[in-house]
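S.K.: just need the structure, nothing else, for what follows:
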Amino acid sequence: MGLSLPVTRLAAAALLLLLVPLVTDAQQKAGKVPRIGVLAFTQMTAALQEAFRQGLRDHGYVEERNVFVEWRAAEGRTDRAKALAVELVGLKVDILVAIFTPAVQAAKDATSTIPIVMAPAGAPVATGFVASLARPAGNITGITGLGAELQGKQIQLLRELIPGLTRVGLLINAADPFAKSFVDEAQAAAKRTGVQLHVVDVRRPQEIDAAFAAMTNQRAGAVIVQGVLTASAWQAGDLAVRHRLPSLSNLKQFAESGGLMSYGANFTDIYRRAASYVDRILKGAKPGDLPVEQPTRFEFVINIKTAKALGLTIPQSLLLRADQLIE
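M.R.: Numbers count the residues shown, from 1 in each chain. Down below sits the predicted model:
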């Protein structure tokens, strides 16, 4: 009597599981297992790291089985990002995935031949990373974060929270190649809405306290924090409360760390989508032929605990639009 169909399928599945390690071993011995370098300018949270792993799994890649991932984080330091990019190039990674504009710049400076995937970078055309979104041309492609383009929306949210808001502080890292586009868009949005903008440059974490003091002295009624500064998000959130300044950034991590609000692209989605670029490049696609994508999912987060600490009542209109409320 022949095997029944369910038993046959079970046997085939068991055989496949037995063969996977053998195939992997053979790939390793032949040097064919791809090695991906991930360079984050700030620390990646475990959840976002898992999002990239899930993206790889969606395309059939399992870390330590048929792909190796070298994880590196620059902790918000430009010099460290440059050193880590050189280190990853020295490891002969097949692809570099760079998170945030300074990491992309460091990767670009380190290699002109290894494919680089932005995950994301701000204003990639203005910063010279790609020739155009449709035809990147060089060894860089990936996803843009739209951080600058969202400045108008962020100022609108702050004005909805604080009627009559006329002065807003803008906390940036001017060493970031993206900072100029970020400031330009913020100034244009501020001019349209009749808000006066006070830009404060922060290069190192220890300068943040003085930056908040300066914004308080300039009588800023709220502050927008550039996403690249989220390496010190917990400190910025704490200082915003101490200086009685409602705060907003484009990264969810900021609100989770004590900032009042965040509004920006969904980074979980971006990291998963970055894996699709890795897959296509590993299968032979050239980065210069892969169009740069823009975010399609955005998230708005409000930290209710921080609002209470600031003595703020969040309008119902904002509460209803929030994707997440942190109690």
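S.K.: pretty sure residue 155 sits against residue 195.
M.R.: Yes: Residue 155 is in contact with residue 195 according to Cβ atoms under 8 Å; the separation is 6.0 Å. C-beta here means a position set from N, CA and C on the backbone, and glycine is covered the same way.
S.K.: when those two are compared, which one has more neighbours?
M.R.: Using other Cβ atoms under 10 Å, the more surrounded residue of residue 155 and residue 195 is residue 155, with 23 against 19.
S.K.: quick check, the more buried one in a strand?
M.R.: No: looking at residue 155 with DSSP: H, G, I helix; E, B strand; the rest coil, it is helix, so not inside a strand.
S.K.: which residues sit in contact with it?
M.R.: By Cβ atoms under 8 Å, 6 or more residues apart in numbering, residue 155 lies in contact with 168, 186, 189-190, 193, 195, 224.
S.K.: check it and give its pLDDT.
M.R.: With respect to pLDDT, residue 155 scores 93.
S.K.: before we move on, the earlier item: check the contacts of residue 155 and tell me the two furthest apart.
M.R.: Put simply, by Cβ to Cβ the two of the contacts of residue 155 set farthest apart are 193 and 224, 12.7 Å from each other.
S.K.: now the strands for the stretch 101-250 of the chain?
M.R.: 116-121, 140-144, 167-172, 196-201, 222-225, 247-249 (DSSP state E, counting those that start in this stretch).
S.K.: closest one to residue 306 among those?
M.R.: Comparing the strands of the stretch 101-250 of the chain against residue 306 with Cβ to Cβ, the closest turns out to be strand 247-249 (8.1 Å).
S.K.: I'd like the strands of the stretch 101-250 of the chain as a markdown table, with distance to residue 291 appended.
M.R.: Below are these laid out as a markdown table (distance: least, Cβ to Cβ, whole Å):
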| stretch | distance to residue 291 |
| --- | --- |
| strand 116-121 | 12 |
| strand 140-144 | 7 |
| strand 167-172 | 29 |
| strand 196-201 | 32 |
| strand 222-225 | 29 |
| strand 247-249 | 28 |
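S.K.: which stretch among these comes nearest residue 323?
M.R.: Closest approach to residue 323 among the strands of the stretch 101-250 of the chain (Cβ to Cβ): strand 247-249, 14.4 Å.
S.K.: hang on, residue 55 packs against residue 274?
M.R.: Yes: using Cβ under 8 Å, residue 55 is in contact with residue 274, at 6.5 Å.
S.K.: comparing those two, which residue is more hemmed in?
M.R.: When residue 55 and residue 274 are compared for neighbours, residue 274 comes out ahead with 26 against 23, by other Cβ under 10 Å.
S.K.: not counting its neighbours along the chain, what's nearest the more buried one?
M.R.: Distances taken as Cβ to Cβ, 6 or more residues apart in numbering put residue 119 closest to residue 274, at 3.8 Å, once the chain neighbours are dropped.
S.K.: and residue 216, by the same measure?
M.R.: Sequence neighbours aside, residue 243 is the residue nearest to residue 216 in space, at 4.9 Å (criterion: Cβ to Cβ, 6+ apart).
S.K.: was I right to think that neighbour contacts residue 214?
M.R.: No: with contact defined as Cβ under 8 Å, residue 243 does not reach residue 214; the gap is 10.1 Å.
S.K.: which neighbours do the two share?
M.R.: When Cβ under 8 Å, 6+ apart defines a contact, no residue borders residue 243 and residue 214 alike.
S.K.: okay, now residue 191: neighbour count?
M.R.: By the measure other Cβ under 10 Å, the count of residues near residue 191 is 11.
S.K.: let the chain start at 36 from now.
M.R.: Sounds good: first residue 36 from here, last item residue 226.
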